[in-house]
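# Predicted structure and sequence below. I'll ask about it afterward.
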Amino acid sequence: MSKQKTLIERIKEIQIEADALIDERVEELRAETNFSIPPPVLRRELEGKAWGCPCKQAAALLEGK
C-alpha cells in the first residue's frame, strides 16, 4: 500500500514545478531579447506580475497575466 504524501511534500513538489516553469519562461524571454537581459532581471519582472510565492507567479504565467 502506497503512503499518501503529506501536505508539505506536495507543496515542495509544486514549488519545484513552479520554479521550473518560471525558469523556462525566463529563457524564452532571454531568447526574445537576444540574450541581452540577465536572467535575474527577467525573473524579477515576472515576479512583479504576481507577488508572493513561485506558485502564484507560475499560476499567473499559466493564466496569461
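Sure thing, it's come through.

# Helices along this structure, start to end?
Using DSSP state H, the helices of the chain run over residues 7-32, 39-48, 54-62.

# out of those, deepest packed?
Most buried of the helices of the chain by mean neighbour count (mean count of other C-beta atoms under 10 Å) is helix 54-62; its value is a mean of 17. Backbone N, C-alpha and C define where each C-beta goes, glycine included.

# Check the helices of the chain for me: which has the lowest mean pLDDT.
Sorting these by mean pLDDT places helix 54-62 lowest, at a mean of 87.

# which other helices and strands contact that one?
Secondary-structure packing of helix 54-62 (3 or more C-beta pairs under 8 Å, 6 or more residues apart in numbering; DSSP states H and E): helix 7-32, helix 39-48.

# OK, contacts around the spatially most central residue of the chain?
The residue lying closest to the centre of the chain (C-alpha atoms, centre = their mean) is residue 22, at 2.9 Å. Residues in contact with residue 22 (C-beta atoms under 8 Å, 6 or more residues apart in numbering) are 43, 46, 54, 57, 58, 61.

# Which of those sits closest to residue 32?
Minimum distance to residue 32 across those is 13.1 Å, recorded for residue 46 (C-beta to C-beta).

# quick one, what contacts the residue nearest to residue 43 when sequence neighbours are not counted?
Distances taken as C-beta to C-beta, 6 or more residues apart in numbering place residue 26 nearest to residue 43, at 5.4 Å, with adjacent residues excluded. Applying C-beta under 8 Å, 6+ apart to residue 26 gives the contacts 39, 42, 43, 46.
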